[in-house]
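Undergrad: After the sequence you'll find the predicted model.
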Protein chains: 2
Amino acid sequence: MTALPRPVKAPTGSQLHCKSWLTEAAYRMLQNNLDPDVAENPDALVVYGGIGKAARNWDAFEAILKSLRELNDDETLLVQSGKPVGVFRTHPDAPRVLLANSNLVPAWATWEHFHELDRKGLMMYGQMTAGSWIYIGSQGIVQGTYETFAEAARQHFGGIAKGKWILTAGLGGMGGAQPLAATFAGFCSLNIECQQSRIDFRLKTRYVDEQATDLDDALARIAAHTAAGRAVSVALLGNAAEVLPELVKRGVKPDLVTDQTSAHDLIHGYCPPGWTVEQWKTAAADPARHAELKAAAAAGCATHVRAMLAFKAQGIPTVDYGNNIRQVAKDQGVTNAFDFPGFVPAYVRPLFCEGKGPFRWVALSGDPEDIRKTDAKLKELFPHHAALHRWLDMAAERIAFQGLPARICWLGLGERHLAGLAFNEMVKRGELKAPIVIGRDHLDSGSVASPNRETEGMRDGSDAVSDWPLLNALLNTAGGATWVSLHHGGGVGMGYSQHSGVVIVCDGTDAAAQRLSRVLWNDPATGVMRHADAGYDTAQACARQHELNLPSL
Amino acid sequence: MTALPRPVKAPTGSQLHCKSWLTEAAYRMLQNNLDPDVAENPDALVVYGGIGKAARNWDAFEAILKSLRELNDDETLLVQSGKPVGVFRTHPDAPRVLLANSNLVPAWATWEHFHELDRKGLMMYGQMTAGSWIYIGSQGIVQGTYETFAEAARQHFGGIAKGKWILTAGLGGMGGAQPLAATFAGFCSLNIECQQSRIDFRLKTRYVDEQATDLDDALARIAAHTAAGRAVSVALLGNAAEVLPELVKRGVKPDLVTDQTSAHDLIHGYCPPGWTVEQWKTAAADPARHAELKAAAAAGCATHVRAMLAFKAQGIPTVDYGNNIRQVAKDQGVTNAFDFPGFVPAYVRPLFCEGKGPFRWVALSGDPEDIRKTDAKLKELFPHHAALHRWLDMAAERIAFQGLPARICWLGLGERHLAGLAFNEMVKRGELKAPIVIGRDHLDSGSVASPNRETEGMRDGSDAVSDWPLLNALLNTAGGATWVSLHHGGGVGMGYSQHSGVVIVCDGTDAAAQRLSRVLWNDPATGVMRHADAGYDTAQACARQHELNLPSL
Ligand SMILES: NC(=O)c1ccc[n+]([C@@H]2O[C@H](COP(=O)([O-])OP(=O)(O)OC[C@H]3O[C@@H](n4cnc5c(N)ncnc54)[C@H](O)[C@@H]3O)[C@@H](O)[C@H]2O)c1
Ligand SMILES: NC(=O)c1ccc[n+]([C@@H]2O[C@H](COP(=O)([O-])OP(=O)(O)OC[C@H]3O[C@@H](n4cnc5c(N)ncnc54)[C@H](O)[C@@H]3O)[C@@H](O)[C@H]2O)c1
């Protein structure tokens, strides 16, 4: 090993460092993933999500860049868990890079074996977009939460969130996106957080609008804002396990109830009711007191979930936001804890049924103006897509770019290829300073098998069938995506998921247009296919509407 | 479900039933896999290897045929665990079919969960070439078994097998090749099989020479044949878990011990000692009795392996022939089950390091004359390859074709593409009556991760890393193979392997020549790459000799 950590920034502008824009795109995106403004720990090549990396080590990183600089238009580079292992002759319509990250034969698919291989230098954890070079910073969290809330509005309120309010808790790393996302979706929100420092941080970054002095004040503010039809977010310092039961007792009726305290971690994640934050932190720092703390936190979660169930019993939509609080409560004897659903089956799956998921693109020029132009183009393409317009306006106003300018929005089957072709046309006409690269999260409609998250509770019980993401990757390779990846263990850890990534470049050529029209149609279509096969009516209707050829339907 | 079982035969001749020879090839090969002369249990769509199937059910089978008849040259059919799920637009140089069989998210990758899904109609077990439509009957494994036994003779007996005998069990789809391969390699063999029907089938096809009436008769025959230096194969009706311990008790000393019962599948693959075949089949057909059956079969495997270990302890070469029986025994508490090696590290890995593995091809015309011509062409192409000539001569003489005429031989990197191009040229010139289809087993150099078999004891400890077969499948898709498949659990059962298949058609066109030159080079090259990366000198030398571009070497 000779290469040392160094600060990395993607090149910008219209000058090529590789032999084509296809390889240049990979070259820039790999480096963008490790930009200090993007990555969580760039020196360790860690992009996000625990130890999700973009390259196995610094030697491998430099070797990938070198291979990309030299790669010809009829060649394909193979990357095995972040290390470049081979260059082979393919053809111009084949992907330029194929990646496989963290894949282990099932009986060995544990963190223990992974770490053993990692220590030997034989593996890396690719997470989802870290190892497939299309991470774009925290914009994705806000957008995903926004889509969830927007879908809730569609399902429960005919799409009109005005005058409605969300009750939630937790303003931490991910939960802090809730108030901003709620506002974007048109909701008021009451956000309970037990640490004043967290509230301060969200106020400072404008992710939450205002703080109430106490519960009465909070309810008065919510009442005023909802009455006036203003989508304002209100923070309240307090403990959710105390505030929620009090709200139930008072007969207060939120319009949607969820929670993003870190209930999955009963030591560092959940402040027990009746405890001060100082008491909590002191106990968390003292292993001798962990048993006591865990018991108190778990009891708090049970109280918290009982209150959520009480809201649910009144007909108020209530969901678990992926923090395992239902399981904690169930383990405490709340036998009906799973009476309210997780957020994927409740709100995300209906979108997946139409091939909708986190579509994203990046301006390789580095010029924010290019993203502004694509934002405008998207509005023009989908003039009646109100939620999209709303998101684009708010994102442009409130979301700071990290690294290369990028945008995310959820588009579905029949929309994505139109966006790709339009962007390609803009590149062709010289309206943008350089090509655009399009990708998506692996958390998407047709690209993931993850029975504790994306494929929880599939209608036909096919949660664990991973044929689907493998077919997705093979089809995207066949269609001519620019790079395609197959990962294991993203999001939920080793053993619990398999998923695929796809990235495709709009370089303004006619050949790219052909590839875009195939790949950006087929990729979401595999999601519709997967959900149609599982028996979802909306997916079957969507497949019929788009005249998909699904021989077994 | 409406379609009923029916006898299936691949069409022959030069008339197309589909729109091109690429789709016609898949159309014929799927049907050929289910030809009663080829498949072990065609009514149940079972081709070989326990419950290795070619299609999920009869509806799915008919639907695949229909899709293939209608498929256009720029379309790709997706097959999910034996069911056709989608047809998508790709391009002429993309595969016409992409298959994913039996893949499960690792934490759910067990036979229990598989069977649950299978019962719900959501899965099938694809084994290796069953679900990827390139099984060619027992010949497929004869060559590999021959290579293995010949290598064993070289390692243990100075290359002279005369007067030596092999003790083995299992005369199923693959195991049935053992007696003939042993004879080819110069050995006598005693082959224990619990089903008379299986013995009858092997006698009929001349894969086994004679059947003994009981153990005493069997040993007398072996004694006579070895004494006379005749390479004769003897079948014995019996249960290996009863016969082997008896042989140990009697102090009988074979010269080589192995086994090919289907121990990887404890429900359908291994008859418990003390059970009649009828009792076994009845229990296998009744899910309520599976737990009982599994326990009895596993206990039988443990007894069986203990006897193998006893032979090993006497200095008799003993190898696991890839049926996972050591793992089953180990799980039963036979802690030293892995004291004898698998056949791959013992005999096959040196071949894998040069990209050598089971290359095969089929005459779509159905005319044996086409195979005779390709045999001759191969001898002409490789005039100094004496072992190849010897094999081709013996095969032509002794191997009965099953279904469409086919040939197998082990070729490596730098050889396979020459064969493919030569066959394509023969088709082009009209020397053959119809196109040739080329494929290989998933048990090959670059296509499998299977820590108890193909990747057992890799030099760098990377046995369980399945990035490699995934990259192989992606690259073969990118290169333009005609169909590509990704499977889980082949050979060694659920949880223990991931592997990929590839098939490519020589239709005589220049476009096919381009694809053949890429795919039949790249596919074995990924095997050389994988072994070079693991630190094998011969693989690194082979990579240098063939000027592979391996950036990390
Ligand atoms: N499945 C998904 O996609 C998904 C998405 C987002 C978040 N999550 C889950 O949501 C949870 C939150 O994630 P995060 O990154 O924001 O965690 P975090 O630890 O950064 O934040 C949790 C916040 O909750 C607050 N809190 C703890 N106990 C409280 C109580 N009793 N009352 C009020 N506030 C309390 C803490 O002070 C902290 O600010 C995690 O469990 C995470 O796994 C899942
Ligand atoms: N690694 C390799 O290349 C390789 C090659 C061939 C086979 N295999 C493995 O070998 C096994 C056999 O494959 P197959 O296709 O022949 O399977 P199969 O199921 O068609 O045949 C297995 C045979 O074993 C017989 N049998 C079962 N239990 C028995 C017992 N207790 N005593 C005697 N006979 C018994 C069955 O009656 C059957 O005929 C599988 O596990 C396969 O994966 C591996």
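TA: Cool, the structure landed. Not measured: the values here are computed from a predicted model. Ligands and ions are numbered 1, 2, ... in the order given.

Undergrad: ok, now which ones touch the residue lying closest to A:Ser20 once chain neighbours are set aside?
TA: Among residues not flanking A:Ser20 along the chain, A:Asp73 sits closest, at 5.6 Å (C-beta to C-beta, 6 or more residues apart in numbering or on different chains). For glycine as for every other residue, the C-beta is placed from the backbone atoms N, C-alpha and C. Residues near A:Asp73 by C-beta atoms under 8 Å, 6 or more residues apart in numbering or on different chains: A:Lys19, A:Ser20, A:Leu22, A:Pro92.

Undergrad: Kindly recompute the last result at 7 Å.
TA: By C-beta atoms under 7 Å, 6 or more residues apart in numbering or on different chains, the contact list for A:Asp73 reads A:Lys19, A:Ser20, A:Pro92.

Undergrad: and it, what element?
TA: Using DSSP states H and E, A:Asp73 falls within no helix or strand.

Undergrad: Next: the one 5 residues further on.
TA: Under the criterion DSSP H and E, the helix or strand holding A:Leu78 is strand A:75-80.

Undergrad: any idea how far A:Thr261 is from chain B?
TA: For A:Thr261, the distance to chain B equals 26 Å [C-beta to the nearest C-beta, to the nearest Å].

Undergrad: Just confirm yes or no for stretch A:456-469 near ligand 1.
TA: No. With C-beta under 6 Å from any ligand atom as the criterion, ligand 1 is not reached by stretch A:456-469; the gap is at least 9.9 Å.

Undergrad: Does at least one residue of that stretch sit close to chain B?
TA: Yes. Under the criterion of C-beta under 7 Å from any C-beta of the partner chain, chain B is reached by stretch A:456-469 at A:Asp460, A:Gly461, A:Ser462, A:Ala464, A:Val465, A:Ser466, A:Asp467, A:Trp468.

Undergrad: May I see the buried residues of that stretch?
TA: Using 16 or more other C-beta atoms under 10 Å in any protein chain shown as the test for burial, stretch A:456-469 gives A:Glu456, A:Met458, A:Gly461, A:Ser462, A:Asp463, A:Ala464, A:Val465, A:Ser466, A:Asp467, A:Trp468, A:Pro469.

Undergrad: got the end-to-end distance for it?
TA: 15 Å (C-alpha to C-alpha, to the nearest Å).

Undergrad: How much space separates the nearest residue to A:Pro92 once chain neighbours are set aside from B:Ala100?
TA: Counting by C-beta to C-beta, 6+ apart, A:Asp73 is the residue found nearest to A:Pro92 once chain neighbours are left out, at 5.3 Å. For A:Asp73, the distance to B:Ala100 (C-beta to C-beta, to the nearest Å) stands at 29 Å.

Undergrad: now do A:Pro358
TA: From A:Pro358 to B:Ala100 the distance is 24 Å (C-beta to C-beta).

Undergrad: neighbour count winner among the two?
TA: B:Ala100 (29 against 23; other C-beta atoms under 10 Å in any protein chain shown).

Undergrad: Could you pull up the contacting residues of A:Ile319?
TA: One thing to correct before we go on: residue A:319 is Val, not Ile. By C-beta under 7 Å, 6+ apart, the contact set of A:Val319 is A:Thr258, A:Phe340, A:Pro341, A:Gly342, A:Phe343, A:Ala346.

Undergrad: quick one: which of the residues of stretch A:456-469 next to chain B is nearest to A:Leu180?
TA: For the residues of stretch A:456-469 next to chain B, the residue nearest A:Leu180 by C-beta to C-beta is A:Trp468; the value is 32.8 Å.

Undergrad: just checking, that closest one touches A:Gly446?
TA: Yes. Between A:Trp468 and A:Gly446 there is a contact under C-beta atoms under 7 Å: 6.5 Å.

Undergrad: Overlap in contacts, the two.
TA: By C-beta under 7 Å, 6+ apart, the residues touching both A:Trp468 and A:Gly446 are A:Arg530.

Undergrad: OK, now which residue of the stretch 251-400 of chain A is nearest to ligand 1?
TA: A:Gly322 (2.2 Å; C-beta to the nearest ligand atom).

Undergrad: That residue: neighbour count?
TA: 19.

Undergrad: try the one 5 residues further on
TA: Neighbour count of A:Gln327, defined by other C-beta under 10 Å: 16.

Undergrad: What sits closest to it if chain neighbours are left out?
TA: A:Ala337 (7.3 Å).

Undergrad: cool, and A:Thr282?
TA: The shortest distance from A:Thr282 to any non-neighbouring residue, by C-beta to C-beta, 6+ apart, is to A:Arg289 (7.8 Å).

Undergrad: Which of the three states applies to that neighbour?
TA: helix (DSSP: H, G, I helix; E, B strand; the rest coil).

Undergrad: Neighbouring strands - and their directions - for the strand ranked longest in chain A?
TA: What stands out as the longest strand in chain A, according to DSSP state E, is strand A:498-506. The pairing partners recorded for strand A:498-506 under DSSP bridges are strand A:436-440 (antiparallel), strand A:448-449 (antiparallel), strand A:483-488 (antiparallel).

Undergrad: same question for the shortest one, mean pLDDT?
TA: So that's strand A:448-449. Averaging pLDDT along strand A:448-449 gives 98.

Undergrad: what does that strand contact?
TA: A:His442, A:Glu454, A:Thr455, A:Ala464, A:Val465, A:Ser466, A:Trp468, A:Pro469, A:Ser497, A:Gln498, A:His499, B:Val105.

Undergrad: Settle this for me: the second one is touching A:Asp444, isn't it.
TA: No. Using C-beta under 7 Å, A:Glu454 and A:Asp444 do not qualify as a contacting pair, with a distance of 8.3 Å.

Undergrad: Report pLDDT for the residue nearest to A:Ser20.
TA: In this model, A:Asp73 is scored at 97, pLDDT.

Undergrad: Any part of stretch A:4-18 near chain B?
TA: No. Residues of stretch A:4-18 contacting chain B under C-beta under 7 Å from any C-beta: none, with a closest distance of 14.5 Å.

Undergrad: Against chain B, how distant is A:Ala212?
TA: Separation of A:Ala212 from chain B (C-beta to the nearest C-beta): 43 Å.
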